[in-house]
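**Student:** Fold the stuff below for me.
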Amino acid sequence: MPNYEWTLLLDPVLEEKQARQQVASAASLVQEGGGIVQSQEVLGKRPLPSTIRKHREVNLARIEATIAQDRVEAVAKKLDEIPAILRIMLTIKRRRAPMPPRRQLHRSVLKTPVQAKEKMDVREIDKKIEELLQEPQI
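**Tutor:** Modelled structure (predicted):
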C-alpha cells in the first residue's frame, strides 16, 4: 500500500486545541477507511497568498498514512464533509532510491609516497636571483 500525506487547511478561528481535535477526527476517518496513520500534527497558523472562503490565514495540519489506492477517494470525500476543513491536498510519498556508493580511489593511489623536494637555503636563492637580474655581458 502506498504512503500518502494529507495536508489540511483548517479554519483559522479554531484554537490550537480545537484544531488538534479536528485533525484527530480526520485521522480517525482515515483509519475507518482502512488506513494506518503514521503521524498527525498541527503546524500552526500560516498566512495565505490568496483568500480561501474569505480567510487570509489558516491552521495548517498534516496526516501521514498508508492506505489502499481504491479507498483514498472515499476517505477524501468524508474529509471534505468536515466543516472546519477549508481545503485538502493529497500527495503520494514516494520512496527514494538509495544513493549509489561513492567511488573510492584505489589503495595504491592513496598509499603512494610523496617525494620530498630539495630544500634550499635562503642564501642560495638570493645568489640565483642576483645572477638572473645581472645584465648580460656581451
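**Student:** roughly how far out does whichever strand in the chain runs longest sit from the chain middle?
**Tutor:** What stands out as the longest strand in the chain, according to DSSP state E, is strand 36-52. Averaging C-alpha positions (Cα atoms, centre = their mean, to the nearest Å) puts strand 36-52 16 Å from its chain's average.
**Student:** which residues touch whichever helix or strand comes after that strand?
**Tutor:** Toward the C-terminus, strand 36-52 is succeeded by strand 55-66 as the next helix or strand (DSSP states H and E). Outside strand 55-66, the residues that touch it by Cβ atoms under 8 Å, 6 or more residues apart in numbering are 1-12, 14, 16, 19, 22-23, 26-27, 30, 35-48, 52, 86-87, 93. Where you see a C-beta, it was placed from the backbone N, CA and C, and this is true even at glycine.
**Student:** And strand 55-66, what's buried?
**Tutor:** Neighbour-count burial for strand 55-66 flags 58-65 (criterion: 16 or more other Cβ atoms under 10 Å).
**Student:** Any regions of the protein where pLDDT drops low?
**Tutor:** Residue ranges of the chain with pLDDT under 70: 104-117, 136-138.
**Student:** repeat that for 80
**Tutor:** Low-confidence segments of the chain (pLDDT under 80): 1, 94-120, 135-138.
**Student:** In it, what residue spans correspond to strands?
**Tutor:** Using DSSP E, strands in the chain cover 3-10, 36-52, 55-66, 85-93.
**Student:** Export only the CA atoms of the last one, formatted as CSV.
**Tutor:** The C-alpha atoms that make up strand 85-93 are tabulated as CSV, following Å, rounded to 0.1, in the frame of the first residue of the first chain:
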residue,chain,number,x,y,z
ILE,A,85,-11.5,21.9,6.9
LEU,A,86,-11.3,24.5,4.2
ARG,A,87,-9.0,22.7,1.8
ILE,A,88,-7.4,19.3,1.4
MET,A,89,-4.3,18.4,-0.6
LEU,A,90,-3.3,14.8,-1.0
THR,A,91,0.2,13.8,-2.1
ILE,A,92,1.8,10.4,-2.6
LYS,A,93,5.0,10.0,-0.6
